[in-house]
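In: The following comprises the amino acid sequence and a computationally predicted model.
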Amino acid sequence: MKLGYKDLLAQADAQVKSYEPTEAPALMADPGIVLVDIRDPRELERDGKIPGAHHAPRGMLEFWIDPESPYHKPYFAEDKEFVFYCASGWRSLLAAQVAQVMGLRSASLRGGFGDYRRAGHPVEARDHR
């Protein structure tokens with residue numbers, strides 16, 4: 001193996017901007033920021049999400065970002081900064097790196113939803129529509 005997951009995370013961390021959980025309330029209030037939860041739907045069902053965040057499962061991210069894909073989501077075409085988060089911050093760091101390579105202004109939430117929740121920030125239940 002040439003690169004392990006720790007190497008990939010270190011590379012992404014050197015290339016991607018990350019926000020701390022203490023910055024989350026300001027991110028939520030900023031109209032130029034889109035929070036994107038990349039966790040599995042079962043995680044959202046179990047734990048809820050950051051209020052106002054979009055859900056984009058990690059396995060579909062590249063397809064949802066690309067405007068030429070039949071799965072494209074229009075919110076990814078907005079001129080905004082996309083802040084990705086997962087449970088612990090690892091998957092979202094790699095997702096933010098991919099989004100950056102694809103041309104988005106992107107960042108990750110360091111420590112993910114776990115640190116966000118432990119900091120006492122609000123959580124909303126999953127919308128079942």
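Out: Everything's here; your move. Quick caveat: nothing in here was measured; it's all calculated off a predicted structure.
In: who are the neighbours in contact with Pro122?
Out: Shown in contact with Pro122 (Cβ atoms under 8 Å, 6 or more residues apart in numbering): Ile50, Pro51. Using the backbone N, CA and C atoms, a C-beta is placed for each residue, glycine as well.
In: how about the helices in this structure?
Out: Counting by DSSP state H, one finds helices in the chain at the ranges 5-15, 24-29, 41-47, 61-65, 90-101, 112-118.
In: need the contact list for the spatially most central residue of the chain.
Out: For the chain, the residue nearest the mean C-alpha position is Phe84 (1.5 Å; Cα atoms, centre = their mean). Shown in contact with Phe84 (Cβ under 8 Å, 6+ apart): Val36, Ile38, Ser92, Leu93, Ala95, Ala96, Ala99, Ser106, Ala107, Ser108, Leu109.
In: pLDDT below threshold where in this structure?
Out: The chain contains residues with pLDDT under 70 at 126-129.
In: Reformat the helices of the chain as CSV; add distance to His72.
Out: CSV is the format used below for the helices of the chain (distance: least, Cβ to Cβ, whole Å):
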stretch, distance to His72
helix 5-15, 24
helix 24-29, 24
helix 41-47, 20
helix 61-65, 6
helix 90-101, 13
helix 112-118, 25
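In: which of these is buried the deepest?
Out: Mean neighbour count (mean count of other Cβ atoms under 10 Å) peaks for helix 90-101 among those, with a mean of 22.
In: Need the residues that contact that helix.
Out: Outside helix 90-101, the residues touching it (Cβ under 8 Å, 6+ apart) are 5, 8-9, 11-13, 15-18, 36, 38-39, 58, 61-62, 65, 82-86, 106-109, 112.
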